[in-house]
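*Asks:* Make a model of this:
(4 chains)
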Protein chains: 4
Amino acid sequence: MPNSFGQIFRITTWGESHGGSVGVVVDGCPSNIPLDESDIQQELNRRKPGQSSITTPRKEDDLAHIYSGTFQGKTLGTPICVMVMNKDARPHDYDEISTKFRPSHSDFGYQTKYGIRNWEGGGRSSARETIGRVAAGAIAKKVLKLLYNVEILACVAQIHHIKAEFDLEKVTMDQIESTIVRCPDPEAAEKMIACIKEARKEGDSVGGIIHCIARNVPAALGEPVFDKLDADLAKAMLSLPAAKGFDLGTGFEAPLYKGSEHNDTYIPLNGKIVTATNRSGGIQGGISNGMPIIFRVAFKPTSTIMQPQKTVTVEGEETILQPKGRHDPCVLPRAIPIVEAMTAITLLDHALRQNSLEISRLLH
Amino acid sequence: MPNSFGQIFRITTWGESHGGSVGVVVDGCPSNIPLDESDIQQELNRRKPGQSSITTPRKEDDLAHIYSGTFQGKTLGTPICVMVMNKDARPHDYDEISTKFRPSHSDFGYQTKYGIRNWEGGGRSSARETIGRVAAGAIAKKVLKLLYNVEILACVAQIHHIKAEFDLEKVTMDQIESTIVRCPDPEAAEKMIACIKEARKEGDSVGGIIHCIARNVPAALGEPVFDKLDADLAKAMLSLPAAKGFDLGTGFEAPLYKGSEHNDTYIPLNGKIVTATNRSGGIQGGISNGMPIIFRVAFKPTSTIMQPQKTVTVEGEETILQPKGRHDPCVLPRAIPIVEAMTAITLLDHALRQNSLEISRLLH
Amino acid sequence: MPNSFGQIFRITTWGESHGGSVGVVVDGCPSNIPLDESDIQQELNRRKPGQSSITTPRKEDDLAHIYSGTFQGKTLGTPICVMVMNKDARPHDYDEISTKFRPSHSDFGYQTKYGIRNWEGGGRSSARETIGRVAAGAIAKKVLKLLYNVEILACVAQIHHIKAEFDLEKVTMDQIESTIVRCPDPEAAEKMIACIKEARKEGDSVGGIIHCIARNVPAALGEPVFDKLDADLAKAMLSLPAAKGFDLGTGFEAPLYKGSEHNDTYIPLNGKIVTATNRSGGIQGGISNGMPIIFRVAFKPTSTIMQPQKTVTVEGEETILQPKGRHDPCVLPRAIPIVEAMTAITLLDHALRQNSLEISRLLH
Amino acid sequence: MPNSFGQIFRITTWGESHGGSVGVVVDGCPSNIPLDESDIQQELNRRKPGQSSITTPRKEDDLAHIYSGTFQGKTLGTPICVMVMNKDARPHDYDEISTKFRPSHSDFGYQTKYGIRNWEGGGRSSARETIGRVAAGAIAKKVLKLLYNVEILACVAQIHHIKAEFDLEKVTMDQIESTIVRCPDPEAAEKMIACIKEARKEGDSVGGIIHCIARNVPAALGEPVFDKLDADLAKAMLSLPAAKGFDLGTGFEAPLYKGSEHNDTYIPLNGKIVTATNRSGGIQGGISNGMPIIFRVAFKPTSTIMQPQKTVTVEGEETILQPKGRHDPCVLPRAIPIVEAMTAITLLDHALRQNSLEISRLLH
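*Replies:* Now for the predicted structure:
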């Protein structure tokens, strides 16, 4: 279970950064959906290292191959296995990590939990694990697009202290992809890029905040009690490496409103019921209401930095960790497709769950 | 599945606000744990309506009865069923709601999802559903206390624009329970109480932020990828009525740090490895590290207010909703035991999951 | 998990024979299904003790009450809680069992597993647990009837060495209910009743075989690999107290055929594709093919007998167990509605699962 | 979910017979278990085609590669991905199947369920899918051996009308592997081999019965209600291609005993409690009692035969299917390692589940 996500559209990922491969099995994908490797590759390309001057200089092509679940260009309804081989192993870079815990990294957790860890790179906690998520997300995106014309866009809204100004409701993929930091405010984007480059020069790292919007999500997705749509989105986002917070609609600003100010009034519009405002962020009582779904995810600065740091050895003795390797000074630009992927997976899973309940409509 | 939470320590709740009863089945509770109804009742009393001048004046005793799973004062390892009967039905209060959607409430969602809803009160979306959670949480708290001496404390940190000042690391249950708003800063508490009373007078409502700390949580809880401990806590918290956000450790403030400032340095202390700071909030890479777990939950102002509101009828025509009934102008004081309960359930579930993995220790 | 069954239509039962109550929470029932307590009671009446001269003389009315999940006579889509109070406790009957393991009973298993057991009666292993199953099955039956006109009939085919002769394809509920042993062959039924009465007189018990048929099950139910429809039926049946075997279609006789004799030839019939024979028992490759589903379940003789038996004490010392109490000399007549219930639950769960996949039909 | 099995030790398989690969992800394997590819390969070799004169002459080496989850020869506790590439595709063999349903095969089911199927060979329903199971089973076997010295042996007890005579309690791996039909009765084995060869010559197929024993299984495995150990074994076995029945201990013969004859008397033996007989087959009330677990699985004759057969086209018109390809006239010899694998997976999953519950022993 720990490496699976979703109830009906269910993904299972595997792989360490320096093992043989990373990949995903997607179980529960509807059949007869047109799908080939290019659908997946275009999303992986947005995630891959070395894509711009502000990501890690590591070169990894991350070529995806589909090993099962499709036939003559369509999904079969059987599990879809997608795999990307690992390359570029530089195990000697990692000798020191075999005996020392990197601060704020998961080394200590894995060692405590399993009594063993793959210390070559991040092992299982490496961001390479998210390749499987992005591959599965590409499939989910395609299904959601075909079924409901759902569009999911994430973008960088803040890097360190630099906040962008933009209207999320109107943001386009083109705007987001037009800057390498994936921020739709070009002015802020320039400052963010400079900030990230500065951090790299200092051997330091920076975090930030990603905004995400999902448009055309049908109403009625989400379960009323534990599996609320926003609860599952929160889990999906907090499952991302370096994520520290999630909020929906007005989120942490909600307390600044009174109820009379915060409530979204229903109004009729072209035969549909919509809300005049969208402070709820598209989900009320855990169920989508047909308005755009809007949320934020906070990311801490990457814990891997290029400065000497105090830490302890595996035996618990004080030591100094010397910096080594090639790393992202800021994960957010590459996290954009991952946030979108997890959003798509969560939404499609709930769409399929909702569909199963609609059997009783046959009666009417 | 939608009404269940947890993998091994698994709770399933049922009940509408005006049906026969609300309750919970707790499956997977370890056996031989001393347990009787008073363990549960003391937590329910902290949640019940009418307990103070700032909660709803509705009187509900919410007496819990255990129907299975214990024998001679100890848990059997079989499912524990706890039920609380519903009372105080005033169905005529709800006639209007049968034909109109309350703004920012779940009426619209339920109607869209199920094609039917229990419009007497909140139905399934009523906060009465949380009775089952608090009952299950009382059991989880007891097990965690016995096994690891875990202590879980939640408290109100903000109401509307009033922010409390306190040191979460040192907060005690007595401090929290010493004010009816459950805020450990007595001065802020007074202002919060005034603010809530003011909101009620205006027929309005206010939201706020709850802080939570879990002490003595053993290291190694949480799964590395999707079922990260913080991801499951995020889900648990966003599953609460009116919750709009969750963050852990530095959370949404994390971007303001650089990596070199944010990393928690490991240090040896009395033969254990601890961190010098706790910006991670007790969880790194999804796994508890033995430091206190610290998080925040944001709540919007309650959507039920005592003012006339524009809305639409079930048929989609514009109308005005007239206020009626007796409601909490602010849910946070009563949400404290619910936040604690969901925290306890999440932690115990992961403790049991971790325990299942430790089988391989038999080999060493 | 251990006390839940089903993925989408998911039931969770609780209760010991001498605790407060037994019951079930049904999660995932489609909404808008007409349902009241009489739907459930009529099935419970077929299961209840004391209904005839060949069941236990214990009198239990087993009155079901619905505590949630319905509104104005229809299901809400929320969890349906059904509970039956326990009565007729005679704890003194059980003093001996508190210190001795009943042979072939679950006492030893519970004690070993949990380190504690409710020794008043069967505790959790009592057949009273099946009340929750029958209640949930009554709901599933109703939904299946409404949606697909599915009819599920189980009947007794063998008691001890007495085998009935009948054509399962044509059996009717009336035929089954016309004898207290629920065998549609009246001649065999008489012998079976005599056999059961003889067993009771001897303080002994007898087992037998139940046949079950499900008619009008739509094609396409069942998942191809692990969650094959017959695999889930096998699990459902082996989860019943005293069940020792399950087979489908030709079952254990299948090896006596050659492939050329066993294969069911497809033929067109009134615009549908059917099979000329039904040796497969309605399921091929794990998926229903639209033919009647046909299977058998073997039950051992009840382990509780009214004769002194050698056994050991909880401390492992040899002793004699003296018979006491009032018990069924044969569980099969009362097991009929339980077999039907588990069949209905399994079929409806798979129908809902199948429905969730049909989303892609929207595309065509 | 449909392609996953197990709750804690959870396997997910993928792959069609003529897609890119077949494989398995094993999630929840305990860490620090010595494991390399030879552990897996030796089991796959017992399953592979072309291994003897009574299996299909198709040559497939089925070389397993581990892609994740191990490090320096030990398991990491992270998902273990094992993959075997597909070879030997002869798609032209399958042109006819693209338009005709093979009798008693799953073609019709897949087409009805998904509206699409991979008609090149068996697609997802091919026995190649079981490669993933055998690989996962090899891992489970190793863990069970290390932890408890569990030994699992399956063997052929019947082919068509030929029944073997042997004492299952004493059977050894050597005896089983000494004949190519994997039957420990050498005389019967010879007749079985002749029978299978005869069936092949006739272009026909035969089925049979497999017996399985699991020794040294600790007591207390299995959950009391739905997830009974025998219920999960039944599901595991009925999930195998061509399986038609499962029974445990006396199974379908149980009704021939009276309760007084069937009950297994407890006796003290060397400080342990054992049973004098083992009619229960090692499981009572769903929980293992420490005695050997003994069950049978019935397999129908393979549906693929080398004779012309009546059937219908995808459009529902009558037609004749011409035989083609190379197939096993009898699946049982190669099914032996698959039965053992599913047994091991089921037992280990329950061992880990039991382990999670034993947390409360910390208290005593």
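
*Asks:* Mind jotting down where the strands sit in the stretch 151-300 of chain A?
*Replies:* A:151-159, A:162-163, A:208-215, A:243-248, A:266-269, A:272-275, A:283-284, A:287-288, A:293-299 (DSSP state E, counting those that start in this stretch).

*Asks:* For the last one, what is the distance to the chain centroid?
*Replies:* It stands for strand A:293-299. Relative to the chain's own centre, strand A:293-299 is displaced by 10 Å; criterion: C-alpha atoms, centre = their mean, to the nearest Å.

*Asks:* cool, and the longest one?
*Replies:* If you compare the mean C-alpha spot of strand A:151-159 with that of the full chain, they lie 11 Å apart, counting by C-alpha atoms, centre = their mean.

*Asks:* try the fifth one
*Replies:* A distance of 33 Å separates the centroid of the chain from that of strand A:266-269, by C-alpha atoms, centre = their mean.

*Asks:* Okay, now the sheet partners of it, with direction.
*Replies:* strand A:272-275 (antiparallel) (DSSP bridges).

*Asks:* Counting neighbours, which bits of the strand it pairs with end up buried?
*Replies:* By 16 or more other C-beta atoms under 10 Å in any protein chain shown, the buried positions in strand A:272-275 come out as A:273-275. From N, CA and C alone the C-beta is placed, and that goes for glycine too.

*Asks:* Next: stretch A:287-296.
*Replies:* Result for stretch A:287-296 [16+ other C-beta under 10 Å]: buried residues A:287-296.

*Asks:* So, low pLDDT: which residues of the stretch 1-150 of chain A?
*Replies:* A:88-93 (pLDDT under 70).

*Asks:* Can you name the residue of it nearest chain B?
*Replies:* Minimum separation of the stretch 1-150 of chain A from chain B (C-beta to the nearest C-beta) falls at A:S106, amounting to 2.4 Å.

*Asks:* Would you check how far apart the residue nearest to A:S98 when sequence neighbours are not counted and A:T99 are?
*Replies:* In space, and not counting its chain neighbours, A:S98 is closest to A:W119: 4.3 Å by C-beta to C-beta, 6 or more residues apart in numbering or on different chains. To A:T99, A:W119 is 8 Å away according to C-beta to C-beta, to the nearest Å.

*Asks:* Would you mind telling me which of the two has more residues around it?
*Replies:* A direct count of neighbours by other C-beta atoms under 10 Å in any protein chain shown for A:W119 and A:T99 places A:W119 higher, at 23 against 13.

*Asks:* Could you give the secondary structure assignment for that one?
*Replies:* Classification of A:W119 using DSSP: H, G, I helix; E, B strand; the rest coil returns coil.

*Asks:* And for A:P49?
*Replies:* coil.

*Asks:* Any idea how many residues pack against it?
*Replies:* A:P49 has 20 nearby residues by other C-beta under 10 Å.

*Asks:* same question, the one 10 residues further on
*Replies:* The burial count assigned to A:K59 is 12, neighbours taken as other C-beta under 10 Å.

*Asks:* What's the local residue count around the residue in the stretch 101-250 of chain A that chain D sits nearest to?
*Replies:* In the stretch 101-250 of chain A, the residue that lies nearest chain D is A:Y114 (3.8 Å; C-beta to the nearest C-beta). Residues near A:Y114, counting by other C-beta under 10 Å, number 24.

*Asks:* Ramachandran coordinates for it?
*Replies:* When read as degrees, to the nearest 10, the backbone of A:Y114 gives phi -110, psi -10.

*Asks:* Name the helix or strand for A:C29, please.
*Replies:* Using DSSP states H and E, A:C29 maps to neither a helix nor a strand.

*Asks:* What distance do you get for the nearest residue to it once chain neighbours are set aside to D:H105?
*Replies:* Among residues not flanking A:C29 along the chain, A:T75 sits closest, at 5.3 Å (C-beta to C-beta, 6+ apart). Look at A:T75 and D:H105: by C-beta to C-beta, they are 22 Å apart.
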